[in-house]
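>>> Just a sequence and a predicted model for now, questions to come.
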Amino acid sequence: GSGLQRLAAGTNGQALITGGAGANPSWGTISSGTYSVHAIDTYRATTQIGQTTSTDYKDIADGNTVQFTPTSTNDFIQFSYTCGITPYTGMGMNTYLMMSTSSTIGSGDTKLDYDGKDIGMFTGSSAGQVKATKSKTFIMPCTNLTVGTTYYVEQAGSSNFNGNWGYWNSIASNATGDFNNHYVSMVHYKA
């Protein structure tokens, strides 16, 4: 205006922000680059899955997924996942994440954190049966995802087998707890 004007009080947590040269100031929220937890999701699969041939994708999730819906392309998702695996002599196997906009995930969907068929665990030609727990953490920015679309993620297996059996979701007979054979947790951080 042409004279002094009274600016009404803002709401709790707002600050007075300049609009630049020649513009009026206004109340607004200052973005400090911090994130808050928006959602958490988990699942556990307990069915042991076997394989004798090489594959880039084996469904080992037993129909389970975690899901998230980006609120902004600045959001990010943190995944932590574990799987008990048992490769036999001369076998290689690994786990990774698969993502889809459908709750039914298949081999043609998007691989996340995939680093090969056998980099996760490989037993040499003279080694016997090995049982191990493979654990990974993966942080994914939502930069290339569609805001408002729900995404589904499962843990999947890959293998470099030569005819002998290997197993995912393996567990010792006296194991206890929920996190020892196939577990996925997801934390959605909102910008």
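Structure received.
>>> can I assume Asn162 is in contact with Met93?
No. Between Asn162 and Met93 there is no contact under CB atoms under 8 Å: 11.9 Å. Glycine gets a C-beta too; all of them are placed from N, C-alpha and C.
>>> Give me the more crowded residue out of the two.
Remark: of Asn162 and Met93, Met93 carries more neighbours, 30 against 13, as counted by other CB atoms under 10 Å.
>>> Tell me the spacing between the more buried one and Asp56.
12 Å (CB to CB, to the nearest Å).
>>> Spit out the residues that contact the two alike.
Listed contacts common to Met93 and Asp56 are Lys117, Ser158; contacts here mean CB atoms under 8 Å, 6 or more residues apart in numbering.
>>> Okay, now the unreliable bits of this protein?
1-2, 30-33, 89-90, 118-130, 163, 172-180 (pLDDT under 70).
>>> which residues of it fall in strands?
15-17, 26-28, 36-44, 49-51, 55-59, 66-68, 76-86, 92-100, 110-112, 121-122, 132-141, 151-160, 166-168, 182-190 (DSSP state E).
>>> quick one: which of those strands is nearest Gln5?
strand 26-28 (12.0 Å; CB to CB).
>>> for the closest one, the distance to its chain's centre please.
Centroid separation for strand 26-28 versus its chain: 37 Å, with CA atoms, centre = their mean, to the nearest Å.
>>> ditto for stretch 81-98
Counting by CA atoms, centre = their mean, stretch 81-98 comes out at 17 Å from the chain centroid.
>>> What of stretch 141-157?
8 Å.
>>> What of stretch 55-64?
15 Å.
>>> Check stretch 10-27 too.
The answer for stretch 10-27 is 38 Å, by CA atoms, centre = their mean.
>>> Outside of that stretch itself, list whatever touches it.
Outside stretch 10-27, the residues touching it (CB under 8 Å, 6+ apart) are Leu7, Ala9, Gly28, Thr29, Ile30.
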